[in-house]
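Participant: The following comprises the amino acid sequence and a computationally predicted model.
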Amino acid sequence: MLRTPISHVLAITCVLAVATPAPSQGRLTAESLLTLKRVGEPALSPDGSKLLYTVRTVDIAADKGTTQVVLANLAAAGAAASWTTVVVTSEGSNMHPMWAPDGKSFACISTRSGTPQVWVHALAGGKPVQVTDHPGGVANALWSPDGRKFLFTADVQVDPTTLQRHPDLPKANARIHDDLMVRHWDSWKDGTYSHLFVVDAAGGKALDLMPGERVDTPLKPFGGVEQLAWAPDSRSIVYTARRVADPEASTDSSLWSVPVDGGEHRNLTPDMPGYDQEPLFSPDGRHLAFLSMARGGFEADRVRLMLVDLKDGNRRELGASLDASFGGLTWARDSRSLFATVETLGTTQVFQVGLDGSVRQVTKGRHAVTDLEVAPDGSRLHALVTTMERPAEVAVVDVQTGGITRMTDENGPVFAALELPSVEEEWFEATDGKRIHAWIVKPPQFDPSKRHPFLLYCQGGPQSMIGQGFSFRWNFHLMAARGYVVAAVNRRGLPGFGQQWNDQISGDWGGQAMQDLLAVTDAMQQRPYVDAARSAAVGASFGGYTTYWLMGNAGSRFAAMISHCGVFDLRSMYGSTEELFFVNWDLGGPYWVSPEVARDYERFSPSSFVKNWKTPLLVIHGERDYRVPLEQGLQAFTAAQVQGVPSRLVTFPEEGHWVMRPQNGVLWHREFFGWLDRWCAAK
């Protein structure tokens with residue numbers, strides 16, 4: 001697709017051309033993987049005639065990425081042949097596009113002035129206008145329904161800094177804390193909190209609606225603008241926050257309402273102990289939908305779709321008959337139903353849920369459909385569609401038939417020159433007689449008469465389904481392109497296969513989930529195209545825990561192991577992690593709470609089996625990972641080295657639980673595949 005980047009001229013358009021497949025010429029590499037364009041954030045105009053979306057590109061040499069906003073004109077009800085597109089931003093990175101209520105302009109968060117601020121672009125032309133000039137920048141902006149204001153969030157210093165406590169010691173360097181959650185995921189608590197602000201659309205001084213509060217909205221670290229909502233009359237805002245005494249040990253977030261001019265914050269869900277989030281008002285203003293988990297302290301409970309009638313206050317659950325979790329809500333324009341995304345059987349599909357309680361699956365197939373935008377007439381959805389082979393592209397979904405038509409082809413020229421792997425869905429028998437779902441990914445031009453090295457991919461979470469995602473780190477396409485047969489196993493403890501399957505892993509980390517993985521491994525290693533002697537197990541987070549556990553319990557099944565940010569020792573993990581509600585639920589509480597819990601810590605901890613370690617081990621860890629602290633990786637590496645087990649330690653001083661910087665990503669892949677090829681490559 002050809003387009004001309006401009007900052008404020010919107011009259012230039014170009015015809016969207018879907019690339020014609022060319023003969024296969026090569027395979028995906030780590031470098032080409034990281035330079036693929038990343039499509040996101042579709043936003044449909046109020047009249048349905050235009051669509052904004054973002055495209056992020058990465059420059060490996062510069063070690064950074066930039067994001068720009070694209071405008072697509074959607075004549076003929078979204079027919080692919082009619083799309084025309086133009087890049088409408090150019091300076092800095094430009095993210096989170098949103099339409100003005102009248103559709104005559106759009107806003108985005110742009111770094112063109114140095115920090116992320118709200119800028120408005122008029123479709124009629126003219127220079128973009130900067131709305132906010134907030135110190136340090138803003139996030140999570142939303143335009144009010146009446147077009148008169150923006151809400152946004154920004155960090156505010158609430159707790160005194162060390163220098164403020166000790167002003168006569170300006171060169172002292174220390175952190176002082178009086179309660180837990182002293183650090184979270186990849187950063188230490190510094191006394192700042194993410195507060196909710198409002199500002200006039202014409203600019204000016206912003207109003208902090210949470211002055212002095214030690215409270216965050218949205219919830220850190222993953223919450224975004226979906227946790228905020230304007231009331232239809234633009235006179236109040238509903239947001240998600242956790243006002244509890246012990247946030248490190250509680251998942252009790254609530255929906256709160258506050259007047260746009262400030263005042264009392266009213267708890268809308270005081271009787272609901274789990275996560276309550278993602279409020280969404282119906283277009284007619286009659287209902288408020290939101291997502292909720294029933295059980296407090298359990299971060300992976302079933303996500304329910306709740307509905308509040310704002311006229312009589314009645315609250316009820318929609319779609320209760322579906323044994324699955326809802327996400328990605330959006331209302332139909334007629335306010336009679338909602339569309340939602342649902343993880344099911346290793347895929348993510350669109351469901352339509354009526355206010356009458358009806359539930360209808362809209363899409364089917366091997367894909368993940370997310371980020372839904374509903375056309376005004378309700379006949380189609382604009383969404384992102386992703387598979388294991390290809391990253392997200394914008395597509396149109398026919399609401400009645402479920403048919404999907406891809407509209408963008410940002411990475412078409414790259415994929416036209418690539419050989420693609422094959423992805424097959426298979427079911428295996430577990431040791432308890434149940435069936436285990438897995439994705440089997442085979443190399444391009446797969447030859448079943450040859451014996452191939454084998455990778456067992458161990459999923460993290462622990463409650464996180466292996467679906468049709470396209471990871472820029474754990475990429476099955478890239479693994480297969482390197483010649484490996486990959487088994488990505490939806491073992492016990494993952495969503496998408498019923499809540500009972502999901503819940504089973506809590507309190508049983510080293511139990512049935514590990515047997516599921518070994519059962520699939522044993523079955524795969526019996527196949528004539530798999531070379532059992534060249535098998536490896538790899539994984540991150542709980543997947544890293546799994547590889548450490550397999551080191552001591554899988555016998556001679558594997559020739560190599562790779563653990564990224566894995567849990568090695570459960571006792572020290574409890575004392576050094578930050579979200580205690582997670583370990584309290586999944587491990588039964590502190591290891592000293594009872595003899596039974598202490599025994600589980602011992603029998604499920606990989607550190608209990610280090611005497612059995614013989615398999616070559618690569619340990620990778622981010623030094624700023626506070627979810628699974630660096631010490632976990634250091635302990636595992638020490639155990640391997642002391643016993644003479646071939647091992648290597650790779651740490652990233654500036655990375656947390658994930659590797660984010662482009663050059664670090666290339667290095668990660670080089671070490672990852674270097675280790676695999678050393679022990680599993682054809683001899």
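Facilitator: Cool, the structure landed.
Participant: could you give the mean pLDDT of stretch 666-683?
Facilitator: Stretch 666-683 comes out with an average pLDDT of 91.
Participant: Output that stretch as PDB, nothing but the C-alphas.
Facilitator: The C-alpha trace of stretch 666-683 is given here as PDB (Å, rounded to 0.1, in the frame of the first residue of the first chain):
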ATOM      1  CA  VAL A 666      17.200  -9.200  18.300                       C
ATOM      2  CA  LEU A 667      19.800 -10.200  20.900                       C
ATOM      3  CA  TRP A 668      17.100 -12.300  22.800                       C
ATOM      4  CA  HIS A 669      16.300 -14.200  19.600                       C
ATOM      5  CA  ARG A 670      20.000 -14.800  18.800                       C
ATOM      6  CA  GLU A 671      20.600 -16.300  22.300                       C
ATOM      7  CA  PHE A 672      17.300 -18.200  22.200                       C
ATOM      8  CA  PHE A 673      17.900 -19.900  18.900                       C
ATOM      9  CA  GLY A 674      21.700 -20.200  19.500                       C
ATOM     10  CA  TRP A 675      21.000 -22.300  22.600                       C
ATOM     11  CA  LEU A 676      18.400 -24.400  20.800                       C
ATOM     12  CA  ASP A 677      20.600 -25.000  17.700                       C
ATOM     13  CA  ARG A 678      23.600 -25.800  19.900                       C
ATOM     14  CA  TRP A 679      21.800 -28.800  21.500                       C
ATOM     15  CA  CYS A 680      19.000 -29.600  19.100                       C
ATOM     16  CA  ALA A 681      20.300 -28.900  15.600                       C
ATOM     17  CA  ALA A 682      20.800 -31.700  13.200                       C
ATOM     18  CA  LYS A 683      24.200 -33.500  13.900                       C
END
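Participant: Just the buried residues of that stretch, please?
Facilitator: 666, 668-669, 672-673, 675-676, 679-680 (16 or more other C-beta atoms under 10 Å). All C-beta atoms are positioned from the backbone trio N, CA, C, and that covers glycine.
Participant: which residues sit against it?
Facilitator: Contact partners of stretch 666-683, identified using C-beta atoms under 8 Å, 6 or more residues apart in numbering, comprise 30-31, 33-34, 60, 453-455, 473, 478, 482, 484, 534-536, 538, 559-560, 562, 616, 618, 620, 648, 650, 652, 659.
Participant: what distance separates that stretch from the centre of its chain?
Facilitator: When C-alpha coordinates are averaged (C-alpha atoms, centre = their mean, to the nearest Å), stretch 666-683 and its chain have centres 27 Å apart.
Participant: hmm, back to that, which of the buried residues of stretch 666-683 lies closest to residue 399?
Facilitator: residue 669 (39.9 Å; C-beta to C-beta).
Participant: Please, which helix or strand holds that closest one?
Facilitator: Assessed by DSSP states H and E, residue 669 sits inside helix 662-680.
Participant: quick one on the thing from earlier: and the contacts of stretch 666-683, which of them are buried?
Facilitator: For those, buried by 16+ other C-beta under 10 Å: 30, 33-34, 60, 453-455, 473, 478, 482, 484, 534-536, 538, 559-560, 562, 616, 618, 620, 648, 650, 652, 659.
Participant: Contact partners for residue 155?
Facilitator: 136, 192-195.
Participant: starting at the chain centroid, how far to the helix or strand hosting it?
Facilitator: Using DSSP H and E, residue 155 sits within strand 149-157. Relative to its parent chain, strand 149-157 has a centroid offset of 23 Å by C-alpha atoms, centre = their mean.
Participant: quick one: strands adjacent to it?
Facilitator: strand 139-143 (antiparallel), strand 192-200 (antiparallel) (DSSP bridges).
Participant: Following element in sequence after that strand, please.
Facilitator: Defined by DSSP H and E, the subsequent element after strand 149-157 is helix 162-165.
Participant: Please list the residues outside that next one that contact it.
Facilitator: By C-beta under 8 Å, 6+ apart, the residues outside helix 162-165 that reach it are 169-170, 172-176.
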